[in-house]
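> Here you go, sequence then predicted model.
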Amino acid sequence: MEKILVETSPPLKGKVRISGAKNSALPILAASLLGTEDIILEDVPNLKDIEVMCEVLTSLGAKVEILDKGIIKINSSNINNYVTRYELMSKMRASFLVMGPLLTRIGKTQTSLPGGCAIGTRPIDLHLKGFKALGATINVDHGNISAYADKLVGNKIYLDFPSVGATENIMMAAVLAEGETIIDNAAMEPEIVDLASFLNKLGADIKGAGTSTIKIKGVKELGGGVHSIIPDRIEAGTFMVASAITGGDVVVENVITSHIKPIIAKLKETGCEVIENGDSVRVIGTKDLRATDIKTLPYPGFPTDMQAQFMTLMSLCKGTSVVIETVFENRFMHVDELKRMGADIKIDGRSAIINGVDKLTSAPVKATDLRAGAALVLAGLVAEGVTEIDNIYHIDRGYDGIEEKLSKLGARIYRK
Ligand code: UD1
């Protein structure tokens, strides 16, 4: 199995361009099942998860062509299958996002219970509650879920938690339903806004995406269109922390700064200089990193997908930092790995208490999930010795060319 090796690196310097957002590209690819004409997506990141989603679309009868780097053409005029195979679902939880589109486009969908990162039990009750409210019948047996409906009819749906995936799945199901659907306590993430603007380009009628109430007026049919995926705010945040932790000076390009406000604020609290300039942000690190606290929350709060990377940074901040994880119930698996590298972290339920140490030291470690993997790469950049990271398929699921991009900034990182 391939590994990533990271040697102690000099302060990172230079410019890095951020790729399109994984978490935007995945639902938008799923939503491409709704269009009856050609769809062209630009700035699609080159990732394992995207490959899996393209395989899912192909298995359902869509034609998927890679036209150029980051440009994918999809034609879903001949969808001829409604079953997502276990093998594809178990590779990636986001495969579940094809359920809403299939249900509304062809009236039925079947899949196994989703897999993906092991960061909690991650139920799908809210997705199913939404489908039911629109008139679908749901059956769960032998690890399979099927949903069918002769027709979907708009309804008022309140989400008990602003789940990103449930908001997306219900929004996609509602675009072809009869009448109006209102989703209350909807997720407000930028990726929801990107999905809505893509669907509206295809002919949907969605208002309010980005607020907690989304109104969707059903239309008869969606066509085609061209859409560019928004930049990945989590990849941007990861490179910002890379600059901060190495005491570097990096300009992170292709960012929407309003999407990364909590990351900017927290880096400033650690003593780093952060300079916003149009669609780029420059992060200048400091030798005197100061402790800070974070509490993960749905957008616009601090993103849970940046929690692990910040914990690596906090391990080297002077003083005691506290992290409270409110979004997922089991998202501290990176802690044991960071402790093997010398970090001083204690967990108490959903809180982690991090006492800053003077240095980290290399050790053989395992990426336990995608962002945990990124946290270990960051630790490797500053740890004494050579850090060997195993299970790197998690990192490849979500980071487009992480070694190339870091190497260009001066990092000593290799794959073997
Ligand atoms: C998406 C992101 C993921 C990010 C997460 C939270 C994608 C492909 N993935 O995941 O990177 O970490 O948002 O920002 O976009 N929940 C329920 N019932 C449900 C659905 C969710 O209880 O039906 C709970 C989950 O267990 C979790 C919380 O809601 O505790 C948040 O999950 P959700 O927002 O749905 O995350 P995902 O869409 O899976």
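Noted; the coordinates are in hand.

> mind checking how far Gly319 is from Ser90?
43 Å (C-beta to C-beta, to the nearest Å). (Glycine included, C-beta is placed from N, CA and C.)

> cool, and Met188?
30 Å.

> okay, these two: which has more neighbours?
Met188 (21 against 14; other C-beta atoms under 10 Å).

> Verify the contact between the more buried one and Leu159 for me.
No. Here Met188 lies out of contact with Leu159, judged by C-beta atoms under 8 Å, at a distance of 11.4 Å.

> What helix or strand is the residue of the stretch 51-200 of the chain found nearest the ligand located in?
The stretch 51-200 of the chain approaches the ligand most closely through Gly165 (2.8 Å), counting by C-beta to the nearest ligand atom. Using DSSP states H and E, Gly165 falls within helix 164-174.

> and that helix, what other elements does it pack with?
helix 22-31, helix 99-106, helix 125-133, strand 180-184, helix 190-201, strand 213-217 (3 or more C-beta pairs under 8 Å, 6 or more residues apart in numbering; DSSP states H and E).

> Adding distance to the ligand and mean neighbour count, write those out as CSV.
Formatted as CSV, the helices and strands packed on helix 164-174 follow (distance: least, C-beta to the nearest ligand atom, whole Å; neighbours: other C-beta atoms under 10 Å):
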stretch, distance to the ligand, mean neighbour count
helix 22-31, 3, 27
helix 99-106, 12, 26
helix 125-133, 3, 20
strand 180-184, 13, 19
helix 190-201, 6, 22
strand 213-217, 15, 19
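
> Same list, these, but as JSON lines with mean pLDDT please.
Listed next are the helices and strands packed on helix 164-174 as JSON lines, based on pLDDT from 0 to 100:
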{"stretch": "helix 22-31", "mean pLDDT": "98"}
{"stretch": "helix 99-106", "mean pLDDT": "97"}
{"stretch": "helix 125-133", "mean pLDDT": "95"}
{"stretch": "strand 180-184", "mean pLDDT": "98"}
{"stretch": "helix 190-201", "mean pLDDT": "98"}
{"stretch": "strand 213-217", "mean pLDDT": "98"}
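
> Please produce TSV containing those, extended by distance to Ser228.
Below are these laid out as TSV (distance: least, C-beta to C-beta, whole Å):
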stretch	distance to Ser228
helix 22-31	10
helix 99-106	20
helix 125-133	27
strand 180-184	25
helix 190-201	9
strand 213-217	22
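
> got the buried residues for the helix or strand of the chain with the lowest mean pLDDT?
Least confident helix or strand of the chain, by mean pLDDT, DSSP states H and E, is helix 86-91 with a mean of 84. Across helix 86-91, burial judged by 16 or more other C-beta atoms under 10 Å covers Leu88, Met89, Lys91.

> Now do the contacts for the first one.
By C-beta atoms under 8 Å, 6 or more residues apart in numbering, the contact set of Leu88 is Val52, Glu55, Val56, Ser59, Ser95.

> export stretch 21-34 as PDB, just CAs?
The C-alpha coordinates for stretch 21-34 follow below in PDB (Å, rounded to 0.1, in the frame of the first residue of the first chain):
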ATOM      1  CA  ALA A  21     -14.800  22.200  -4.000                       C
ATOM      2  CA  LYS A  22     -15.300  18.400  -3.600                       C
ATOM      3  CA  ASN A  23     -18.400  19.000  -1.500                       C
ATOM      4  CA  SER A  24     -19.900  21.100  -4.200                       C
ATOM      5  CA  ALA A  25     -18.900  19.000  -7.200                       C
ATOM      6  CA  LEU A  26     -20.400  15.700  -5.700                       C
ATOM      7  CA  PRO A  27     -24.000  16.900  -5.300                       C
ATOM      8  CA  ILE A  28     -23.800  18.900  -8.500                       C
ATOM      9  CA  LEU A  29     -22.700  15.700 -10.400                       C
ATOM     10  CA  ALA A  30     -25.600  13.800  -8.700                       C
ATOM     11  CA  ALA A  31     -27.900  16.700  -9.700                       C
ATOM     12  CA  SER A  32     -26.800  16.200 -13.300                       C
ATOM     13  CA  LEU A  33     -29.100  13.200 -13.400                       C
ATOM     14  CA  LEU A  34     -32.000  15.700 -13.500                       C
END
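
> So Glu329: helix, strand or coil?
coil (DSSP: H, G, I helix; E, B strand; the rest coil).

> Tell me how many other residues crowd it.
So Glu329, with other C-beta under 10 Å, has 13 neighbours.

> Tell me the pLDDT of it.
If you check Glu329, the pLDDT there is 86.

> Make sure it is actually in contact with Arg350.
Yes. At 7.0 Å, Glu329 counts as touching Arg350 under the criterion of C-beta under 8 Å.

> Near Glu42, how many other residues are there?
With other C-beta under 10 Å as criterion, Glu42 counts 14.

> any idea how far Asp68 is from it?
Relative to Asp68, and taking C-beta to C-beta, Glu42 is found at 9 Å.

> what do you get for Ile402?
For Ile402, the distance to Asp68 - C-beta to C-beta - is 22 Å.

> Tell me which of the two has more neighbours.
Ile402 (23 against 8).

> Hmm, Ile389 and the more buried one touching each other?
No. Using C-beta under 8 Å, Ile402 is not in contact with Ile389, being 10.8 Å away.
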